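J.: just to be clear, the model below is a prediction. Sequence and coordinates:
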Amino acid sequence: MSLGTFVKNIQNIMRGDSGVNGDAQRIEQLTWLLFLKIYAKKEEEWELFDDNYKSILPEECKWENWAVDKVDGKSLTEDKLLTFVNEKLFKQLKNIKLPADAPIKHRILKDVFASTNQYMKDGVLLRQLINEINKIDFDNIKELHAFGEIYETILKSLQSAGNAGEFYTPRAVTDFIVEMVNPKLGETVADFACGTGGFLTSTLNHLEKNMKNTEDRAEYNNAIYGIEKKPLPHLLCVTNMLVHDIDNPAIYNANSLERNVREYKDNEKFEVILMNPPYGGAEGDAIKNNFPADLRSSETADLFISLIMYRLKENGRAAVIIPDGFLFGLDNAKVAIKKKLFSEFNVHTIVRLPASVFAPYTSITTNIIFFDNTGTTKETYFYRLDMPEGYKHFSKTKPMKLEHFADCIKWWNDRCDIKDEETDTYKAKVYTLEEIVNRNYDIDLCGYPTIEEEVLSPEETILEYKEKRATLNSKIDKKLQEIENILGVKLC
């Protein structure tokens, strides 16, 4: 199977159908078909190795009974195929009855199709698309590996996922973070806004190298946990986990922020949490009331930081990608969140990322905060990741690569301050907790010496303005309070 040929063929087929408009619909149309093809393959394995396994799929809805072209002239096509898919397949999959204790491998089937759509209107083109998918041989290891590349291509096309700071995280970034946090077999890695599963995929690739026996395989199968609010990324993530040979993908279609954080018990916490939470969104009172009063930020990313703190096990490790606004923000909620983070957790490293890491989809500058649940912070190292030589910006044609983190990885294992003599700034520097507290938790440190050219969307411009305005107001209020204390008066 040729990667380029497959992608080109499926694109040409779907572009010819009047019912499919835009990349998002094409991806959803393709992925629910891929999901059923992969699920059929997984059921073969489950039935082979588990005598008690029983499929919950109605016989006529099993892939081999409606999708496989037996070249006998009896395969469904044209209007008969459309009628079957629309009137039988989807209706039955959406209405599957499950017991309360149904295993994950059964629940995902119903969860995936609860909000999935069938867009195609041309039965001939739908048959052609299904036949292309049937050319993939999942029994062939090389073919399966090639399909992994195909799926990565599909996921990259979702890099611009909306105007609320949600986008595909470059694989180089997730691979770097996983390498630094170093999850181990036996630990569970959680992502509460997992999107298409970038962090979870990097985790599985990392763990796969260490599998040696059946016990390791069982731990690998239980190594990931994800929650995704939006139906399409959820479908993509579940399919991604099946591609990576996870039998029970614990990926849930839900809103991680809808539960009161004070209700989480120890058995609902995790050894490792890795996230690139959505930011720029505004949450209503119903969501904010799930957090203690002083932590009730309107900014989605701030709430996810708090959620991580409540769901990280003792001695657990976490890494989260966060925009600059969290670092320099000094509004009451941000300061309270950072105070809790630094006083109750060990924030050991903050890596500053270039503005173009997520270009061309957003130019908001981001950072990676690494911390663990081993006690209060004593000191925090900041490291500025500069653009590699020969690069002015990252782009679609010149994306970020894991090798661009090489200097940072080397520094990680042998930490020291690094002075940039040309700009009289620090590329890397350690700050004590006392220094951070004295800055009122303004941790905009080891930043870039020159302002990089940025072209922000209107939404991003407004978000950045609000963050800076709130920070400036907070600094003014603090200065006024200092003056009042000196004078011994209360100014109106």
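T.: Cool, the structure landed. Numbers count the residues shown, from 1 in each chain.
J.: so Y431 is in which element?
T.: Under DSSP states H and E, the secondary-structure element containing Y431 is strand 425-432.
J.: give me the distance between the two termini of stretch 221-230.
T.: Chord length of stretch 221-230, first to last residue, is 24 Å (C-alpha to C-alpha, to the nearest Å).
J.: ok, back up a step: so what strands line up beside the strand holding Y431?
T.: strand 379-384 (antiparallel), strand 418-420 (antiparallel) (DSSP bridges).
J.: find the nearest non-adjacent residue to I154, please.
T.: I27 (6.0 Å; C-beta to C-beta, 6 or more residues apart in numbering). C-beta: built from backbone N, CA, C; applies to glycine.
J.: that's a strand at the one you found, yeah?
T.: No: counting by DSSP: H, G, I helix; E, B strand; the rest coil, I27 falls outside a strand, being helix.
J.: closest to the centroid, which residue in this structure?
T.: C194 (3.5 Å; C-alpha atoms, centre = their mean).
J.: am I right that it is in a helix?
T.: No: per three-state DSSP, C194 lies outside any helix segment and is coil.
J.: how confident was the prediction at K142?
T.: K142 carries a pLDDT value of 62.
J.: cool, and I322?
T.: 94.
J.: SS state for it?
T.: strand.
J.: thinking again about what came up before, what comes into contact with the strand holding Y431?
T.: 378-384, 386, 411, 415-420, 443, 445-447, 449 (C-beta atoms under 8 Å, 6 or more residues apart in numbering).
J.: hmm, back to that, quick one, which of the strands paired with strand 425-432 is packed in tightest?
T.: Ranked by mean neighbour count under mean count of other C-beta atoms under 10 Å, those are led by strand 379-384, which reaches a mean of 21.
J.: quick one: distance of it to the chain centre.
T.: On the basis of C-alpha atoms, centre = their mean, to the nearest Å, strand 379-384 sits 24 Å off its chain's mean C-alpha point.
J.: F342: what's its closest spatial neighbour, skipping adjacent residues?
T.: T377 (4.5 Å).
J.: whoops, I mixed them up, H348
T.: F370 (5.9 Å).
J.: so that neighbour lies in a strand, does it not?
T.: Yes: counting by three-state DSSP, F370 is part of a strand.
J.: quick check: beta-bridge partners of it?
T.: A319, T349.
J.: wait, what's in contact with it?
T.: Taking C-beta under 8 Å, 6+ apart as the test, what F370 contacts is M180, V181, R317, A318, A319, V347, H348, T349, I350, V351.
J.: from the residues you listed, which single one is nearest F394?
T.: The nearest member of these to F394, counting by C-beta to C-beta, is V351 at 15.4 Å.
J.: same for the one helix or strand the closest one maps to, what does it pack against?
T.: Using DSSP H and E, V351 sits within strand 346-352. Counting contacts by 3 or more C-beta pairs under 8 Å, 6 or more residues apart in numbering; DSSP states H and E, strand 346-352 packs against strand 366-372, strand 379-384.
J.: do you know which of those strands lies nearest S18?
T.: strand 366-372 (39.5 Å).
J.: and the angle for the closest one with strand 346-352?
T.: When axes from the mean of the first three to the mean of the last three C-alpha atoms, to 10 degrees is applied, the directions of strand 366-372 and strand 346-352 differ by 160 degrees.
J.: any idea which helix or strand carries the residue nearest to F342?
T.: Here T377 is assigned to no helix or strand, by DSSP H and E.
J.: how close does it sit to E421?
T.: 29 Å (C-beta to C-beta, to the nearest Å).
J.: buried residues in the helix or strand in which L81 is found?
T.: In the assignment (DSSP H and E), L81 maps to helix 78-84. Residues of helix 78-84 classed as buried by neighbour count (16 or more other C-beta atoms under 10 Å): L81, L82, F84.
J.: let's have the residues you listed in a markdown table, adding pLDDT and distance to G73.
T.: Below are the buried residues of helix 78-84 laid out as a markdown table (pLDDT from 0 to 100; distance: C-beta to C-beta, whole Å):
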| residue | pLDDT | distance to G73 |
| --- | --- | --- |
| L81 | 96 | 14 |
| L82 | 96 | 18 |
| F84 | 96 | 17 |
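J.: ends of stretch 80-100, what's the gap?
T.: First residue to last in stretch 80-100 (C-alpha to C-alpha) measures 35 Å.
J.: nope, stretch 42-56 is what I was after
T.: Using C-alpha to C-alpha, first and last residues of stretch 42-56 are 13 Å apart.
J.: same check on stretch 57-76?
T.: 19 Å.
J.: what residues does stretch 484-492 touch?
T.: Here stretch 484-492 makes contact (C-beta under 8 Å, 6+ apart) with L480, I483.
J.: 7 Å instead, please
T.: The contact list for stretch 484-492, computed with C-beta atoms under 7 Å, 6 or more residues apart in numbering, reads L480.
J.: alpha carbons only: can I get it in CSV?
T.: Written as CSV, here are the backbone C-alpha positions of stretch 484-492 (Å, rounded to 0.1, in the frame of the first residue of the first chain):
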residue,chain,number,x,y,z
GLU,A,484,-1.2,53.5,51.6
ASN,A,485,0.7,51.4,54.1
ILE,A,486,3.6,53.9,54.1
LEU,A,487,1.3,56.9,54.6
GLY,A,488,-0.9,55.0,57.1
VAL,A,489,-4.0,56.2,55.3
LYS,A,490,-6.7,54.5,53.2
LEU,A,491,-7.2,56.3,49.8
CYS,A,492,-10.6,56.3,48.2
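J.: coming back round to it: any chance of the helices and strands packed on strand 346-352 in JSON lines, with mean pLDDT and distance to V112 too?
T.: Shown next, in JSON lines, are the helices and strands packed on strand 346-352 (pLDDT from 0 to 100; distance: least, C-beta to C-beta, whole Å):
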{"stretch": "strand 366-372", "mean pLDDT": "97", "distance to V112": "30"}
{"stretch": "strand 379-384", "mean pLDDT": "98", "distance to V112": "40"}
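J.: CSV please, covering the ones you listed and showing distance to E228.
T.: Shown next, in CSV, are the helices and strands packed on strand 346-352 (distance: least, C-beta to C-beta, whole Å):
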stretch, distance to E228
strand 366-372, 20
strand 379-384, 30
